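1. Pasting the sequence and the predicted coordinates here, then a few questions.
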Amino acid sequence: MSSNIKIGDDAVRVPRLELGGSNWVLYKDRLLWAADAKGYRGHLDGTAREPIAPQATAAQAATAAGTAAPGAAAGTPGAAATATEVTPDQAQVTYEAALSEWRKGEANVKQLIASTIPDSLFMKIRAKPTARAIW
């Protein structure tokens with residue numbers, strides 16, 4: 001028995017892993033091929049790693065700590081807005097985009113695995129943090 005799983009615009013066929021693992025070789029290769037076809041194989045082999053957050057700038061750190069901007073007195077109109085407005089750091093924007101893309105890949109691969117394994121096996125692996133840890 002196999003499952004039709006739609007990832008993106010194409011459906012892929014991955015056989016359902018038998019409870020005893022008797023079809024492991026076919027299952028493993030087809031799942032790897034399906035993940036590779038969608039550009040997600042790195043999530044299985046560990047080469048797609050979670051992006052590392054950039055260091056916060058001094059201005060962002062001060063804002064995060066609740067420090068008002070210089071010259072902004074409490075109660076002054078616009079003081080709160082000045083204290084919380086921070087120009088987005090390009091490194092942070094890039095990081096957030098990369099993190100979003102990585103999480104999308106993780107979710108797709110986890111779903112690919114989860115939808116093709118027995119429920120009893122899913123219950124054992126569901127708390128694992130990454131697709132690589134599950135695989």
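-> Perfect, I can see it now. Please read all numbers here as calculations on a predicted model, not as lab measurements. Residues are numbered from 1 along each chain as shown.
2. and the longest helix for this protein?
-> Counting by DSSP state H, the longest helix found in the chain is helix 90-114.
3. Buried residues, that one. List them.
-> Judged by neighbour count (16 or more other Cβ atoms under 10 Å), helix 90-114 contains these buried residues: Gln92, Trp102, Gly105, Glu106, Asn108, Val109, Lys110, Leu112, Ile113. Any C-beta I mention is one placed from the backbone N, CA and C, and that applies to glycine too.
4. Mind picking the lowest-pLDDT entry from these?
-> Lowest pLDDT of the buried residues of helix 90-114: Gln92, 92.
5. Excluding chain neighbours, what is closest to that one?
-> Pro54 (5.8 Å; Cβ to Cβ, 6 or more residues apart in numbering).
6. Just list what the helix or strand hosting Trp33 packs against, helices and strands only.
-> In this assignment (DSSP states H and E), Trp33 forms part of helix 24-37. The contact analysis (3 or more Cβ pairs under 8 Å, 6 or more residues apart in numbering; DSSP states H and E) places helix 24-37 against strand 10-15, helix 41-45, helix 90-114.
7. by how many degrees do it and helix 90-114 diverge?
-> Counting by axes from the mean of the first three to the mean of the last three Cα atoms, to 10 degrees, helix 24-37 points 150 degrees away from the direction of helix 90-114.
8. contacting residues around helix 24-37?
-> Contact partners of helix 24-37, identified using Cβ atoms under 8 Å, 6 or more residues apart in numbering, comprise 5, 7, 10, 12-18, 41, 43-44, 109, 112-113, 116.
9. thinking again about what came up before, what's the pLDDT at the residue nearest to Gln92?
-> 91.
10. so who does it touch?
-> If you count contacts by Cβ under 8 Å, 6+ apart, then Pro54 has Asp89, Ala91, Gln92, Tyr95 around it.
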